[in-house]
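Undergrad: Next input, structure requested:
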Amino acid sequence: MNSSNQAIRLQKFIAQAGVASRRKAEELIAQGRVSLNGKKVTEMGIHVVPGDEVRVNGKLIGSKLKRFTIS
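TA: Residues are numbered from 1 along each chain as shown. As a prediction, the model looks like this:
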């Protein structure tokens with residue numbers, strides 16, 4: 001399984017991390033308060049994969065997004 005199969009939308013990632021609801025996460029993104037791997041994100045539809053660094057208001061957040069290996 002490659003990482004594209006594990007990708008989720010950024011706003012869902014933020015919600016799963018417990019930072020905000022999905023709708024509030026969309027507002028945070030639109031306001032430019034979210035960064036992905038050091039770059040400010042202001043548009044919806046961006047995907048997060050395991051290993052990506054997500055920050056909200058400069059604070060690193062985590063979530064339940066894990067890596068899985070199928071053998």
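
Undergrad: Ramachandran angles for residue 48?
TA: When read as degrees, to the nearest 10, the backbone of residue 48 gives phi -110, psi 140.

Undergrad: Go ahead and confirm it touches residue 15.
TA: No. Using C-beta atoms under 8 Å, residue 48 makes no contact with residue 15, being 11.7 Å away. C-beta coordinates here come from the backbone N, C-alpha and C atoms, glycine included.

Undergrad: How about the contacts made by the spatially closest residue to residue 43 that is not a sequence neighbour?
TA: Once flanking residues are discounted, residue 43 sits nearest to residue 29: 7.4 Å by C-beta to C-beta, 6 or more residues apart in numbering. Residues counted as contacts of residue 29 (C-beta atoms under 8 Å, 6 or more residues apart in numbering) are 10-11, 14, 41-44, 46.

Undergrad: ok, the spatially most central residue of the chain to residue 62 distance?
TA: Of all residues in the chain, the one closest to the mean position by C-alpha atoms, centre = their mean is residue 10, 3.5 Å from it. Separation of residue 10 from residue 62 (C-beta to C-beta, to the nearest Å) stands at 14 Å.
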